[in-house]
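Asker: no sequence for this one, just the structure:
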């Protein structure tokens with residue numbers, strides 16, 4: 001799915017509407033919220049989740065700097081996953097001094113997370129041109145968060 005203008009288009013507005021974000025605003029976090037709603041998981045209050053940083057505040061199962069802990073565990077050379085499908089990952093941007101991008105994990109191997117991301121591109125920009133599947137190095141991930149809801 002590609003944008004129709006800058007952070008614009010019918011689908012983009014649909015993602016932004018999930019969190020009641022204003023038209024034209026970045027929509028990576030709104031896209032994650034929208035995807036959860038499509039699966040029947042309603043995370044409230046919805047408007048708080050328009051910001052990528054909100055996804056990193058709770059339900060953390062992994063944070064940058066813990067990767068060494070996983071790499072040195074002797075599991076008989078078996079790969080140990082740090083995520084589950086549908087976990088939310090965040091990226092931290094030193095220039096912003098905060099979390100600035102978020103997406104959903106759909107797979108993992110020893111070195112990478114396979115993700116679905118809104119408002120990115122083939123190069124992985126945080127202000128991209130649509131919705132993409134990506135492979136993100138685990139070294140780049142700020143946190144992995146598991147959002148389990150009661151509904």
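Answerer: Right, received. Where do you want to start? Please read these numbers as outputs of a predicted model, since none were measured by experiment.
Asker: after whichever helix or strand residue 12 is part of comes which helix or strand?
Answerer: Following DSSP states H and E, one finds residue 12 within helix 10-19. Using DSSP H and E, the next helix or strand after helix 10-19 towards the C-terminus is helix 28-38.
Asker: which elements pack onto the helix or strand that contains residue 136?
Answerer: Element membership for residue 136, per DSSP H and E: strand 130-137. Using 3 or more Cβ pairs under 8 Å, 6 or more residues apart in numbering; DSSP states H and E as the contact definition, the elements that strand 130-137 packs against are strand 112-120. Every residue, glycine included, has its C-beta placed from N, CA and C.
Asker: next, the angle helix 28-38 makes with the strand it packs on.
Answerer: Angle between the axes of strand 112-120 and helix 28-38 is 110 degrees (criterion: axes from the mean of the first three to the mean of the last three Cα atoms, to 10 degrees).
Asker: quick one: contacts of strand 112-120?
Answerer: For strand 112-120, contacts defined as Cβ atoms under 8 Å, 6 or more residues apart in numbering pick out 7, 15, 26-28, 30-32, 35, 83, 89, 101-108, 124, 126-128, 130-138, 141, 144.
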